[in-house]
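K.L.:
Need a 3D model of the sequence below.
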Amino acid sequence: MQASRAGYRGRAGLYEAYHPDGTLQGGEPVEPVRGLGPEMSRRASLLLGHGNGIRISPARTEEARQMHTDYFAVWDRSRAYAAAVMALLYARS
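P.N.:
Residues are numbered from 1 along each chain as shown. You can find the predicted model right below:
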């Protein structure tokens, strides 16, 4: 469950603001905001609407796929656990 929660909370860190060039996922990321570190600059660009779009950074596509897979795997395990608890409660009554 912790892995799912951490992945859910970290999903926003995968996105970046960019200027699309018309190709699939093509384009340049927006320039960093002066005076801010890379992560804070990325967040500021997203919040302030810099660029013409948002995307998952091409360098982090595989990480996004893995987060997606992990999120649903944990969900399946939690459903199986809930079914087992319900069966035990039903057997005891």
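K.L.:
all contacts plus neighbour counts: C-alpha atoms, from now on.
P.N.:
Noted.
K.L.:
ok, Ser63 to Tyr81 distance?
P.N.:
Careful, residue 63 is Glu and not Ser. Glu63 is 27 Å from Tyr81, where distance means CA to CA, to the nearest Å.
K.L.:
So which of these two has more stuff around it?
P.N.:
Per other CA atoms under 10 Å, whichever of Glu63 and Tyr81 has more neighbours is Glu63, with 15 against 12.
K.L.:
okay, the more buried one: pLDDT?
P.N.:
The model reports Glu63 with a pLDDT of 85.
K.L.:
Just give me the neighbour total for Glu28.
P.N.:
Using other CA under 10 Å: Glu28 sits among 12 other residues.
K.L.:
pLDDT of stretch 18-28, averaged?
P.N.:
For stretch 18-28, the mean confidence score works out to 82.
K.L.:
check contacts around Pro58.
P.N.:
When contacts are counted by CA atoms under 8 Å, 6 or more residues apart in numbering, Pro58 touches Gln25.
K.L.:
In the protein, spot the strand with the most residues.
P.N.:
Using DSSP state E, we find that the single longest strand of the chain is strand 15-20.
K.L.:
Give me the helices and strands touching the helix or strand following that one, please.
P.N.:
Tracing the chain past strand 15-20, the next element assigned as helix or strand by DSSP states H and E is strand 27-29. Secondary-structure packing of strand 27-29 (3 or more CA pairs under 8 Å, 6 or more residues apart in numbering; DSSP states H and E): strand 15-20.
K.L.:
Strand partners (parallel or antiparallel) of the strand it packs on?
P.N.:
The strands beside strand 15-20 in its sheet (DSSP bridges) come out as strand 27-29 (antiparallel), strand 53-56 (antiparallel).
K.L.:
Kindly reformat those as JSON lines containing distance to Asp70.
P.N.:
Formatted as JSON lines, these follow (distance: least, CA to CA, whole Å):
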{"stretch": "strand 27-29", "distance to Asp70": "27"}
{"stretch": "strand 53-56", "distance to Asp70": "17"}
